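Q: only geometry, no sequence info:
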């Protein structure tokens, strides 16, 4: 499992729409104050000069916080604050709230929906210096850490102790645990360990007015009042700034096996999923899916010599990972299962391979994980991260192929175990016609299937206008009421997540 | 696993404080209207005469909804409403909100903190007729059902399909899934499957003003805005009435094994827990704990001839359950683990037994599950459901033994895997002196350890005055703001969960 990180880091090379920075279709909210020299002096007083970066003194430094890693979103903030303690975050927000200064919290800045950079001139509050792992209980496996701990560092801390993080992301070399929680990151281990809503035991967060909400419980069970911490999980920094995270970590698996299959139909992919869950039960840790188009791109663009996995081509491919406590048992389970499958008349699988050594596991995973990077090499990429109930999971890929025709290349891959499809379309360069064939159609289709227009990437500034495709008017109204109750001046990460009145009128 | 249900049903025999009905220490809130004949007629119009029970027409019928199963809490409501649809719930609440009529939602009425019965004259809204299982997807294992489905019925529905409920409770013969979600029920499978915050994919709920919030998503991943459904999980009907639940269900285990051990010290219990997690990994489904005092009570009061499990007596006992997909593998893992333990110098375990047959499994579980019932036979029981970090887990039992002396019997048992201790003290009859030695001490102690004063039973009307022992003033204030934003007239389950101003002043 360790080896996967290096295969799929988010590097500046893999850029979508490099020269098409996102343009906000709404004006700056004039309720927010403009930053003054007095403000900067106040913040320097709280953080010391080294905790403050100003555009005046370090234009490049500030610029890097204003742009996301894809170089798709770009703001005009002139101030970056780097607190080290929760109390400093509290002092910053108390002041900002009174002065009506808008604030963008920023973790590792690895998001995909423009949630962590300013849209206009918001002040950036970075968690980069809040990187202390505070406590670990090696009986319960509960770890408490500051929001700015890098996910990969947390993993490195836990592995020698026999534990692991219940969350694995391509971005783990840069992303912060606070940002992961704030965006309810999904990733590669969700099938096995479930979502952060189940694994986060506690959160400490600071409200817009500077109030510190200490719900940093280390307990698995705590039924005392509303589970307030849940509100911060996935609210993308709009309800409060997460300063501390308490995470339940599972024992590190002793054995990992990976199998890769070729299949004829998507119907067979679904059947294989049901069978796999039944027969591999508790050791199944991933059920990933790529279509033929994706594999062709990987083979075409591979720098590491990735080859077609089988002699023949198949329309669909599935990667299964098991991770468990006994190498011998796990291999036996996997092999028995495969023998059974292959021995059946009209076998679900046409061909298959099993890897047990790290290098083999690595190359099978890379067939799945190199898809995004290979796509970038085709030109402009239109990326969609949707959940669709499994009975309709692949249909949208076929529909899009028909709509786009020869104007672009449509591929589908993703996490079958979580019903999470990554629909990707590429064209040699950004083409408004292709774009108009995709949007809003893809969102409307997803809405009709009661799917999610953002399975794991969140809403940010990219998708508030399509929130209504997955959430009812009443639910959005309730979100707005909650926002108002928690951040009456709206200073926390404005323009993100919730649609503006203008956007609602359009819909 | 099936067999456990019959061993530990919540029957009227097991009654605490039978003759000491809870007395509210606060007056009825006079902001609420008193029920009129016009109101009753309106509700009859919505539900038809068969959906309405009035004290006038059926005093006994209404009385049974006014009293909890323990006969510890008793209200004076004169009206019970039994809607069948979400729309009816919506109509009821819209009217009640406008009329300022207070409402108590009631599921199976199996709670332990008086949350589901009126405190004064609130109208009872029962989910008993909302018992339809609406949809099941046998690929994803996702089930959608109305709030009033009895937990045991849901299990019976799922088992033949190869799935099971990720929640197992002694009360499963009566409790409703809506009530389980509203109270964030914990139970016996939490160690394996995690809490309802992770397993509930969707909730449909009706707000105080009748607004239907449809967050009944069937998707594992949906990052579109705030995870509003989480607010309803564990809010005990004070933020909205849950009308529909979407649950992710795991494959039914193929094999179950149970082992029972005697140990010398609590330190050894903790060490055994760490070892067990490491060596049994993904098949560990329970790690339960009883002390010697508990076992003695079970042996003394057993009606089914339960015997001391080992020739010698030990201060501590642990029950381990595994459930997995391969009987052979699971037995091998368990046996290898036991052999290793027994072969070690200064072995952690003094004695042990392993059960594989249903009847043996049943009798080992009954040693753990008969403790509450055996306690009742000793007289009055003072029950505490707390979470304490494992390093201090058992200390409070020893402290209480010292404080109570020969005035009562103090025992401890519970879910080690979840740090959930059931501290129980019995005296021949209710004794105010014993009571004053326990409270508020036990809550203050729990607070000092950063534990939870209600691990899995909730707050209800029993514990609002000690909420501050587990939650900060700021967190309680935030809960109140959320309550106000969602239920401005406070009609939903009043007097429950949140402390009144008077209680806060005392603290």
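A: The structure has been received and is ready for your questions. Just so we're clear, the structure is a prediction, and the values are computed from it rather than from any experiment.
Q: Give me the phi and psi for residue A:416.
A: phi -60, psi -40 (degrees, to the nearest 10).
Q: Get me the contact residues on the stretch 1-150 of chain A for chain B.
A: Contact residues, the stretch 1-150 of chain A versus chain B (Cβ under 8 Å from any Cβ of the partner chain): A:137-141. Heads up, the C-betas are built off the backbone N, CA and C, glycines and all.
Q: cutoff 6 Å now
A: Contact residues (Cβ under 6 Å from any Cβ of the partner chain) of the stretch 1-150 of chain A with chain B: A:139-140.
Q: In the stretch 1-150 of chain A, what residue comes closest to chain B?
A: residue A:139 (5.1 Å; Cβ to the nearest Cβ).
Q: residues touching that residue, list them.
A: By Cβ atoms under 6 Å, 6 or more residues apart in numbering or on different chains, the contact list for residue A:139 reads B:270, B:274, B:390.
Q: What is the nearest of the residues you listed to residue A:287?
A: Minimum distance to residue A:287 across the contacts of residue A:139 is 30.4 Å, recorded for residue B:274 (Cβ to Cβ).
Q: Pretty sure that closest one sits in a strand.
A: No - Residue B:274: not assigned to a strand; according to DSSP: H, G, I helix; E, B strand; the rest coil it is helix.
Q: domains for chain A, by residue range?
A: The record's domain parsing of chain A by automatic domain parsing lists A:4-126, A:133-248, A:255-370, A:378-458.
Q: ok, back up a step: let's verify the residue of the stretch 1-150 of chain A closest to chain B: helix, strand, or coil?
A: Applying three-state DSSP: residue A:139 is coil.
Q: Run a quick neighbour tally on residue A:140.
A: The number of residues packed near residue A:140 is 24, by other Cβ atoms under 10 Å in any protein chain shown.
Q: same deal with residue A:36?
A: 11.
Q: For residue A:79, see how far away it is.
A: The gap separating residue A:36 from residue A:79 is 11 Å, by Cβ to Cβ, to the nearest Å.
Q: For chain B, what's its nearest residue on the stretch 101-250 of chain A.
A: Closest point on the stretch 101-250 of chain A to chain B, by Cβ to the nearest Cβ, is residue A:198, at 2.3 Å.
Q: re earlier: can you redo the domains of chain A as a markdown table, where the extra columns are mean pLDDT and distance to residue B:96?
A: Listed next are the domains of chain A as a markdown table, based on pLDDT from 0 to 100; distance: least, Cβ to Cβ, whole Å:
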| stretch | mean pLDDT | distance to residue B:96 |
| --- | --- | --- |
| domain A:4-126 | 89 | 36 |
| domain A:133-248 | 96 | 22 |
| domain A:255-370 | 92 | 44 |
| domain A:378-458 | 95 | 30 |
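Q: Distance to residue B:206 added to those domains, as TSV?
A: Shown next, in TSV, are those (distance: least, Cβ to Cβ, whole Å):
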stretch	distance to residue B:206
domain A:4-126	31
domain A:133-248	18
domain A:255-370	34
domain A:378-458	20
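Q: ranking these by burial, who's on top?
A: domain A:133-248 (a mean of 23; mean count of other Cβ atoms under 10 Å in any protein chain shown).
Q: Now do it: distance from first to last residue.
A: 14 Å (Cα to Cα, to the nearest Å).
Q: Measure how far the helix or strand hosting residue A:39 is from the centre of its chain, please.
A: Using DSSP states H and E, residue A:39 sits within helix A:37-47. Counting by Cα atoms, centre = their mean, to the nearest Å, helix A:37-47 is centred 33 Å from the centre of its parent chain.
Q: Need the contact partners of that helix.
A: In contact with helix A:37-47 (Cβ under 6 Å, 6+ apart) are residues A:52, A:81, A:83, A:88, A:91, A:95.
Q: For the first one, give me its contacts.
A: Residue A:52 makes contact with A:43-44, according to Cβ under 6 Å, 6+ apart.
Q: for it, which residues make a bridge with it?
A: For residue A:52, the beta-bridge partners are residue A:81 (DSSP bridges).
Q: Which residue ranges of the stretch 1-150 of chain A form strands?
A: A:52-54, A:79-81, A:103-106, A:123-126, A:133-137, A:142-146 (DSSP state E, counting those that start in this stretch).
Q: Identify the residues contacting the helix or strand just after the last one?
A: Counting by DSSP H and E, the next helix or strand C-terminal to strand A:142-146 is helix A:151-158. Residues outside helix A:151-158 that contact it (Cβ under 6 Å, 6+ apart): A:133, A:164-165, A:172-173, A:175, A:177, A:249.
Q: now do 7 Å
A: Residues outside helix A:151-158 that contact it (Cβ atoms under 7 Å, 6 or more residues apart in numbering or on different chains): A:5, A:133, A:143, A:145, A:164-165, A:167, A:169, A:172-173, A:175, A:177, A:180, A:249.
Q: One more: stretch A:205-216?
A: Applying Cβ under 7 Å, 6+ apart, the external contacts of stretch A:205-216 come out as A:86, A:89-91, A:93-94, A:97, A:144, A:202-204, A:228-229, A:232, A:240-244, A:246, A:486-487, A:489, A:491-492, B:472, B:474-475, B:478.
Q: if you skip the residues just before and after it, what's nearest to residue A:230?
A: Spatial nearest neighbour of residue A:230, excluding adjacent residues (Cβ to Cβ, 6 or more residues apart in numbering or on different chains): residue B:230 at 3.6 Å.
Q: That neighbour touches residue A:227, doesn't it?
A: Yes - using Cβ atoms under 7 Å, residue B:230 makes contact with residue A:227 at a distance of 6.3 Å.
Q: residues shared between the contacts of those two?
A: Shared contacts of residue B:230 and residue A:227 (Cβ under 7 Å, 6+ apart): residue B:197.
Q: Get me the contact residues on the stretch 201-350 of chain A for chain B.
A: A:211-215, A:218-228, A:230-231, A:233-235, A:251, A:270, A:273-274, A:277-283, A:324-326, A:329, A:333 (Cβ under 7 Å from any Cβ of the partner chain).
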